[in-house]
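1. Need coordinates for the below:
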Amino acid sequence: MSAPNTSSTWDAADYGRNGAFVPALGAPVAELLAPQPGEKILDLGCGDGVLTQGLIDAGAVVTAVDASEDMVASARERGIEAQVKDGEKLDFNARFDAVFSNAALHWMLDGTAVAAGVFKALKPGGRFVGEMGGAGNVRAMRHALYRELEARGYVLPESDQQWYPSVEEFSGIYATAGFADIEARLIDRPTPLPAGPAGWFRTFRSGFMAVVGVPADQWEPIFEAAAERVPAALRGDDGIWRADYVRLRFSMRKPD
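-> Just a heads-up that it's a prediction; the model follows:
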């Protein structure tokens, strides 16, 4: 791709309010990485830097990158040395002991380019650990928004604006890139939504609305209407809405 995914646009303040569960639920992935003092680690898709700080606190020397200028600015406000960089165009050469990524790879539609860049960025023997949306991720949530948009006469993009691969597809791409010891699995993780379905749409699908061509003054009414289409089964007996998240958690190694 010639530019980052245009549907991946972020408001860091809104993300902090409605998307704080993303780094919070990424803690087990950071534990899987097990960063060591002095290790050089690339945080690919660092977001607002919450998880990045944990890697730094563990003693790692972290390079944080994200395609969103707003997110990078938020990470810098935390004192993190973050930089704007397209994950599909990584230009590091055998620099890192490990690459870490949480909830970011599904916004990078050219998975082959990302895999090649990560492989090149790692030192021989280096590891890549992370988590992303997997096959079936937020299917019900997405379909609710799609149906509302279609009902209002909007034409949806021919291809999906996020990449939610199966284990087989994901593993195949990274094996072709040269990685070994690939372990990947899907995890069903119903995820509480602090601001309900409409708030989730606002935080995670505003960029998609711009891609579809919806005027900004129509976003909120559509988000509210789409929330009414979300299956009632996603609302628990406790009254809390939970999105139908499916995560793909993985680890792999660049051969020595």
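2. Now R185: closest residue in space that isn't a chain neighbour?
-> R249 (6.0 Å; Cβ to Cβ, 6 or more residues apart in numbering). Any C-beta I mention is one placed from the backbone N, CA and C, and that applies to glycine too.
3. show me what contacts the one you found?
-> The neighbourhood of R249, defined by Cβ atoms under 8 Å, 6 or more residues apart in numbering, consists of V29, L32, G130, E131, A184, R185, I187.
4. Ok, V114 next?
-> With Cβ under 8 Å, 6+ apart as the criterion, the residues that contact V114 are L44, G87, E88, L90, L105, M108.
5. one more time with 10 Å, if that's ok
-> Shown in contact with V114 (Cβ atoms under 10 Å, 6 or more residues apart in numbering): 44-45, 86-90, 101, 104-105, 108, 163, 173-174, 177.
6. Those residues in strands, which ones?
-> Secondary-structure check on those using DSSP state E: residues within strands are L44, S101.
7. For this protein, give me the ranges with low pLDDT.
-> For the chain, residues meeting the criterion pLDDT under 70 lie at 1-24.
8. hey, where'd the strands end up in it?
-> Ranges of strands within the chain are 40-44, 61-66, 82-84, 96-102, 122-133, 180-192, 242-253, based on DSSP E.
9. Now distance to G54 too, for the ones you listed, in JSON lines please.
-> Output for the strands of the chain, formatted as JSON lines (distance: least, Cβ to Cβ, whole Å):
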{"stretch": "strand 40-44", "distance to G54": "10"}
{"stretch": "strand 61-66", "distance to G54": "10"}
{"stretch": "strand 82-84", "distance to G54": "14"}
{"stretch": "strand 96-102", "distance to G54": "10"}
{"stretch": "strand 122-133", "distance to G54": "13"}
{"stretch": "strand 180-192", "distance to G54": "19"}
{"stretch": "strand 242-253", "distance to G54": "17"}
